[in-house]
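[1] coords please:
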Amino acid sequence: MMLHIVAACVLAALAGYLLGSIMTSIVVSRLMFHEDVRTHGSGNAGMTNVLRTYGKLPAVLTIVGDVGKSVIAANLGRILFATLIGTDALLDPICGAYLAAIFCMIGHSRPLYFGFKGGKCVLAGAGAALCISPIVCVVLLLVFLVQFAFSRIVSLGSIMVAALFPVVTLIYWVMIGVNAPTIIFNTLCSVIMGTMVIWLHRANIERLKNGTEYRFGEKKKQEK
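    Numbers count the residues shown, from 1 in each chain. From the prediction side, this is the model:
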């Protein structure tokens with residue numbers, strides 16, 4: 001059984017990382033504009049930079065691609081755990097989805113195919129979370145929308161959601177009534193996912209402190 005658990009973990013992690021390394025923003029910018037989005041704006045390979053640089057359609061395509069790859073990764077992780085470990089094991093197959101999600105986010109931030117320089121994992125994490133626990137996503141989406149309505153700062157909402165994600169996840173799985181090892185595993189995974197997002201937003205946190213963070217709808221400021 002231990003060998004099966006190790007195999008499931010390795011395969012789920014590998015699948016998540018390889019899928020996460022597919023950077024939709026870079027693919028879209030290269031196919032549509034024959035350039036790399038990372039050479040513009042914040043230098044980040046994320047949806048916000050795509051929106052500010054190229055407009056709505058490329059941003060929508062980026063959202064679809066980044067959410068889609070994380071959904072596929074989470075489902076693969078779940079299937080691998082269910083197949084190799086079984087549905088009656090100590091860890092529920094949903095744990096495989098969380099593990100794959102973590103490595104999908106790692107791939108998104110450090111993509112194998114694009115020089116290990118990627119994005120900030122918000123959409124990749126959101127897609128996986130939506131696949132794993134839609135109710136948790138609805139709660140966090142409401143939090144994001146409320147703060148965004150007041151601040152118009154995307155990064156602030158992302159950081160708030162990342163910080164709340166482990167708390168809401170823990171409450172959700174306790175209410176669902178899964179076994180204790182699964183609750184602990186899922187909560188630890190959500191802590192890792194949330195911490196990754198916050199860490200990758202550390203430059204945004206500094207700008208928030210200084211009052212210089214970009215507010216949605218502002219005119220682009222000339223790069224120094």
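[2] any idea how far the most centrally placed residue in the chain lies from Gly46?
    Central residue of the chain (CA atoms, centre = their mean): Gly125, 1.9 Å from the mean position. Per CB to CB, to the nearest Å, Gly125 is found 12 Å from Gly46. For glycine as for every other residue, the C-beta is placed from the backbone atoms N, C-alpha and C.
[3] Can you dump the C-alpha atoms of the regular element (helix or strand) spanning the residue nearest to the centre of the chain in PDB for me?
    According to DSSP states H and E, Gly125 maps onto helix 122-132. Provided in PDB are the C-alpha atoms of helix 122-132 (Å, rounded to 0.1, in the frame of the first residue of the first chain):
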ATOM      1  CA  VAL A 122      -4.000  33.200  -8.700                       C
ATOM      2  CA  LEU A 123      -6.000  31.700 -11.600                       C
ATOM      3  CA  ALA A 124      -4.200  28.400 -11.400                       C
ATOM      4  CA  GLY A 125      -5.100  28.100  -7.800                       C
ATOM      5  CA  ALA A 126      -8.600  29.400  -8.300                       C
ATOM      6  CA  GLY A 127      -9.300  26.800 -11.100                       C
ATOM      7  CA  ALA A 128      -8.100  24.000  -8.900                       C
ATOM      8  CA  ALA A 129     -10.100  25.200  -5.900                       C
ATOM      9  CA  LEU A 130     -13.200  25.600  -8.100                       C
ATOM     10  CA  CYS A 131     -12.900  22.000  -9.200                       C
ATOM     11  CA  ILE A 132     -12.200  20.600  -5.700                       C
END
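[4] just checking, what's the longest helix in the chain?
    helix 56-84 (DSSP state H).
[5] angle of it against helix 122-132?
    50 degrees (axes from the mean of the first three to the mean of the last three CA atoms, to 10 degrees).
[6] helices or strands up against whichever helix or strand comes after helix 56-84?
    Once the chain leaves helix 56-84, the next helix or strand it forms, by DSSP H and E, is helix 94-109. When contacts are defined as 3 or more CB pairs under 8 Å, 6 or more residues apart in numbering; DSSP states H and E, helix 94-109 sits against helix 2-20, helix 56-84, helix 122-132, helix 180-200.
[7] and these as CSV, adding mean pLDDT?
    Putting the helices and strands packed on helix 94-109 into CSV (pLDDT from 0 to 100) gives the following:
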stretch, mean pLDDT
helix 2-20, 92
helix 56-84, 95
helix 122-132, 90
helix 180-200, 94
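[8] Pick the most buried one from those.
    Per-stretch averages of neighbours, counted by mean count of other CB atoms under 10 Å, single out helix 122-132 among the helices and strands packed on helix 94-109, with a mean of 26.
[9] C-terminal to that helix, what's the next element?
    helix 134-151.
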